[in-house]
Every structure is written in C-alpha cells, then in structure tokens.
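Undergrad: I would like to see how this sequence folds:
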Amino acid sequence: MNKADLVTAMAEKAELSKKDTEKVLKAFEEVVMEELRNGGKIQLVGFGTFEVTDRKPRVGRNPKTNEPIDIPGGKAPKFKAGKALKDIVNV
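TA: Numbers count the residues shown, from 1 in each chain. I've put the predicted structure just below:
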C-alpha cells in the first residue's frame, strides 16, 4: 500500500474527503517528525510507540576488502509495535 492507497482507505473509513484525509495524514507526519526531532516520543496505546534511540559508534567491515571501517554513532527513529497491533498481525 502506498500513500495514495492509504489516503483512500482512510477517507473511506472516516467518511471524509480525500483532500481532508491527506491534510490529516500530513499533519500527523509533521507532528511525529517534530516531536522526534525534539527528543520526545509518541505513545499510541495499543498501536505502538515512536521514539528516538541512540546508536553507539562501532566498527564494521568493508565486504569487498574485509578492512575495518568506523561507523559513527547517531540517533535513529524507532517504532515499537503495541500489543493490539502485534495480536492482529499474529492471528
């Protein structure tokens, strides 16, 4: 499912226009990105949690030359599925 398919499905479920649904989806994306950029997390009970994790620097290997390379640390977005979502997927 791509973004257009998602907007269509959401519009049908919520009985909204596609244009309004697209605005809602865009607003959701922007709020999530802004909150994660500020180091916060968003918890949607039953669905899941969006948060930022810290990655430690590590040493990897170049697969062609087998030489070690330094991989810098940083931050990465993370989504952890909630119980209800896990239960639906594992039926």
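
Undergrad: phi, psi of the residue at the greatest distance from the centre of the chain?
TA: Using C-alpha atoms, centre = their mean, the residue of the chain lying farthest from its centre is T65. It sits 33.8 Å away. Main-chain torsions, T65, degrees, to the nearest 10: phi -110, psi -10.

Undergrad: which stretch of helix or strand covers the closest residue to L6 other than its chain neighbours?
TA: Closest residue to L6 apart from its sequence neighbours, by C-beta to C-beta, 6 or more residues apart in numbering: L25 at 7.0 Å. For every residue, glycine as well, the C-beta is placed using N, CA and C. Using DSSP states H and E, the element containing L25 is helix 18-37.

Undergrad: which other helices and strands does that helix contact?
TA: Counting by 3 or more C-beta pairs under 8 Å, 6 or more residues apart in numbering; DSSP states H and E, the packing neighbours recorded for helix 18-37 are helix 3-14, strand 42-44, strand 48-55.

Undergrad: can I get those in a markdown table with mean neighbour count and mean pLDDT?
TA: A markdown table is the format used below for the helices and strands packed on helix 18-37 (neighbours: other C-beta atoms under 10 Å; pLDDT from 0 to 100):
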| stretch | mean neighbour count | mean pLDDT |
| --- | --- | --- |
| helix 3-14 | 13 | 96 |
| strand 42-44 | 12 | 96 |
| strand 48-55 | 14 | 96 |
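
Undergrad: rewinding a little: thought the residue nearest to L6 was touching V7?
TA: Yes. Between L25 and V7 there is a contact under C-beta atoms under 8 Å: 6.1 Å.

Undergrad: got a markdown table for the helices and strands packed on helix 18-37, with distance to E29 too?
TA: Output for these, formatted as a markdown table (distance: least, C-beta to C-beta, whole Å):
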| stretch | distance to E29 |
| --- | --- |
| helix 3-14 | 10 |
| strand 42-44 | 12 |
| strand 48-55 | 11 |
